[in-house]
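Engineer: Just the structure for this:
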Amino acid sequence: MKNVIIQAPKIKNLTSMKYVLSLFVIFFLFTTNSTAEASEEDRKLELALEMATVKKYAKFIHDRADIAFEKHLEKSKLRNASNKLILDFKSDYTNAVEKHLSEESIKYSIAFHISHHLTLDQLENDAKFYATPLGKKVEKNILNKKLATHGLSKEETKELFKLYKQYGVLELLSITPELMKTIQKSLLQKVDKLTTEHKALEAEYLIRYSNEKSHR
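Structural biologist: So this is what the prediction gives:
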């Protein structure tokens, strides 16, 4: 049996070869650049998720949903229902909050906007800062809703403001009001979904309350 030799198709001339190679190089550079950009965005989001201010605002907004429920219940006809009915209603509402406005999803929304608002260098500076003894004190203050300088010595306060001046941004201490407005807008849709579900739940429990009263 004769050996069969399979030959690659010949490129007719040097120009054609250059064209094919240039296409390959462009494709390689494009895919490499896209991967690098994706990796940088992922890293920025990862760092933003760890920011003390992100955790603080996420918890604050999430807790407000619980406070809003208690205030609404005070005015609702359900306030005179049995404890069991109220607890069932609150349990269902809590599940709705977790579905539409969980602390984790709020944290992700805030971090997403921050990661687009700040550079990778700024976020990495934050990460380095919060890993220091001074940064851990500031982080604790932020999470406890205290001033960043609370309990700091004069030297520590000087160092903190030196860092603030050096970076020229507020990411070490707080989220700017302008950025907070953007974040709030992004959360409105989730709030609307929660409000709609809350109204539907209340209507359902009002029927149950009516039935409960009729059987007394």
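Engineer: Low-confidence stretches in this protein?
Structural biologist: 1-38, 167-177, 216 (pLDDT under 70).
Engineer: let's see 80
Structural biologist: Residue ranges of the chain with pLDDT under 80: 1-38, 52-53, 57, 65-66, 142-143, 145, 148, 164-191, 213, 215-216.
Engineer: Share the number of residues neighbouring Lys146, please.
Structural biologist: Using other C-beta atoms under 10 Å, Lys146 has 12 neighbouring residues. The way it works is simple: take the backbone N, C-alpha and C, and place the C-beta from them, glycine included.
Engineer: mind checking the SS state of it?
Structural biologist: Following DSSP: H, G, I helix; E, B strand; the rest coil, the label given to Lys146 is coil.
Engineer: any idea how far Gln122 is from it?
Structural biologist: Note on Lys146: its distance to Gln122, by C-beta to C-beta, to the nearest Å, is 23 Å.
Engineer: Phe129 too?
Structural biologist: Distance, Phe129 to Gln122, using C-beta to C-beta: 10 Å.
Engineer: Repeat that for Glu202.
Structural biologist: 44 Å.
Engineer: Repeat that for Val54.
Structural biologist: To Gln122, Val54 is 14 Å away according to C-beta to C-beta.
Engineer: In terms of neighbours, single out the busier of the two.
Structural biologist: Higher neighbour count among Val54 and Gln122: Val54, with 25 against 18, using other C-beta under 10 Å.
Engineer: who does the helix or strand containing Val191 touch, helix- and strand-wise?
Structural biologist: In the assignment (DSSP states H and E), Val191 maps to helix 177-214. When contacts are defined as 3 or more C-beta pairs under 8 Å, 6 or more residues apart in numbering; DSSP states H and E, helix 177-214 packs onto helix 52-75, helix 83-101, helix 103-117.
Engineer: Closest to the centroid, which residue in this structure?
Structural biologist: By C-alpha atoms, centre = their mean, the chain has its centre lying nearest to Tyr108, at 1.7 Å.
Engineer: contacting residues for that residue?
Structural biologist: For Tyr108, the contact set (C-beta atoms under 8 Å, 6 or more residues apart in numbering) comprises Leu49.
Engineer: Same check on His117?
Structural biologist: Leu179.
Engineer: Could you count how many residues lie near the nearest residue to Glu197 once chain neighbours are set aside?
Structural biologist: Residue nearest to Glu197 in three dimensions, not counting chain neighbours: Ala96, with 4.5 Å by C-beta to C-beta, 6 or more residues apart in numbering. A count of nearby residues for Ala96, using other C-beta under 10 Å, gives 20.
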